[in-house]
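**Student:** what shape does this take:
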Amino acid sequence: MGVTERELRADAPRLGSSPWPYFAGFIAATWTVDIAWHRQGVAHDSMLALSVSWLVMSAAMMTPTTVPMLSALADVVGRREPRTWWLFLGGYLTVWAGFSVVVAQFQLALMQLSVVNVHGVLGSNNWVGIALLGAGIYQFSHVKDRCREACMRPMKFFMVHWRAGSLGAVRMGMRHGLACLGCCVALMLLAFVGGMANWGFMALATAIMVVEKWPSLGRKVSMPLGIVLLVAGALVMITQPLDFTSHLTHNEGIQP
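**Tutor:** Below you'll find the predicted structure:
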């Protein structure tokens, strides 16, 4: 059931105890854990280890992108329901936890097919080109556009999807998490190109996703980013002709 922006903002002073210091501490902790996790240089090839690795990386990269939505929610709930803010964030992270489990299983399958190595990096320029082209095409898709619009209009999101109570807060957080996933999934999967342990890639990807979801900037970067990804993918494919069979047989130690 939708509500008006005036109704949402009515009698809603700012949160008495600001969540932002704790939120910043959470982001810093996820980045610290992620860096420490990968600095060990250990290949993570079990379902549990990969799921944890993806979860920490997703939390580190995606949580900063939800600042506009969380800021709007802080304006709405004020001192009345500070728990709503945290439950919303919990619902959001639940979606990314589910994504982490699914993509960890996907990575294991790719490892068995010798498409990615034990460090989660694509082992052939052929696959790198396809990944870049796929991410570039996705930038122009209807799904991407709808999900990005939902992320860039926080107050409209709450006007349409507002649900009261603790369960309602979790449901709203999960709904936003799904929109965020639809907006950023292709860029997140480029971790198979840049490398999950590559801090430069993580920082750049995070900055791009933050800007893409920022209300005043998102529309200005989405299309140029898609063009850059398409051009990069095309250049990789041109300089590295397709030869998947030789790549797979080479990795398996079989002479073609």
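**Student:** need the next SSE after the helix or strand containing residue 53, C-terminal direction.
**Tutor:** According to DSSP states H and E, residue 53 maps onto helix 47-62. Using DSSP H and E, the helix or strand that follows helix 47-62 in sequence is helix 67-77.
**Student:** which residues are in contact with residue 60?
**Tutor:** Counting by CB atoms under 8 Å, 6 or more residues apart in numbering, residue 60 touches 27, 30-31, 34, 202, 206. For every residue, glycine as well, the C-beta is placed using N, CA and C.
**Student:** let me know the pLDDT of the nearest residue to it once chain neighbours are set aside.
**Tutor:** Leaving aside its chain neighbours, residue 60 sits nearest to residue 30 (3.9 Å; criterion: CB to CB, 6 or more residues apart in numbering). At residue 30, the model reports a pLDDT of 94.
**Student:** my read is that residue 30 contacts residue 63, right?
**Tutor:** Yes. The pair residue 30 / residue 63 is scored as a contact, 7.0 Å apart, by CB atoms under 8 Å.
**Student:** what is the neighbour count of residue 35?
**Tutor:** 14 (other CB atoms under 10 Å).
**Student:** ok, now how distant is it from residue 56?
**Tutor:** According to CB to CB, to the nearest Å, residue 35 and residue 56 sit 10 Å apart.
**Student:** lowest confidence element among the helices and strands of this structure?
**Tutor:** helix 244-251 (a mean of 41; mean pLDDT, DSSP states H and E).
**Student:** did I read that right, the residue nearest to residue 60 in a helix?
**Tutor:** Yes. When DSSP: H, G, I helix; E, B strand; the rest coil is applied, residue 30 is found to be in a helix.
**Student:** since we're on it, how many residues are nearby?
**Tutor:** Residue 30 has 20 neighbours, counted by other CB under 10 Å.
**Student:** check contacts around it.
**Tutor:** Counted by CB under 8 Å, 6+ apart, residue 30 has contacts 56, 59-60, 63.
**Student:** just the buried residues of those.
**Tutor:** Among the contacts of residue 30, those scoring as buried are 56, 59-60, 63 (criterion: 16 or more other CB atoms under 10 Å).
**Student:** going by distance to residue 20, which of those residues wins?
**Tutor:** residue 63 (12.3 Å; CB to CB).
**Student:** separation between that closest one and residue 174?
**Tutor:** 15 Å.
**Student:** cool, and residue 219?
**Tutor:** Taken as CB to CB, the span from residue 219 to residue 174 is 26 Å.
**Student:** show me which of those two is the more surrounded one.
**Tutor:** Comparing residue 219 with residue 174 by other CB under 10 Å, the one with more neighbours is residue 174, at 18 against 14.
**Student:** where does the protein have low pLDDT?
**Tutor:** In the predicted model of the chain, residues 1-17, 41-44, 78-80, 240-256 satisfy pLDDT under 70.
**Student:** chain center to stretch 99-110, what's the gap?
**Tutor:** A distance of 14 Å separates the centroid of the chain from that of stretch 99-110, by CA atoms, centre = their mean, to the nearest Å.
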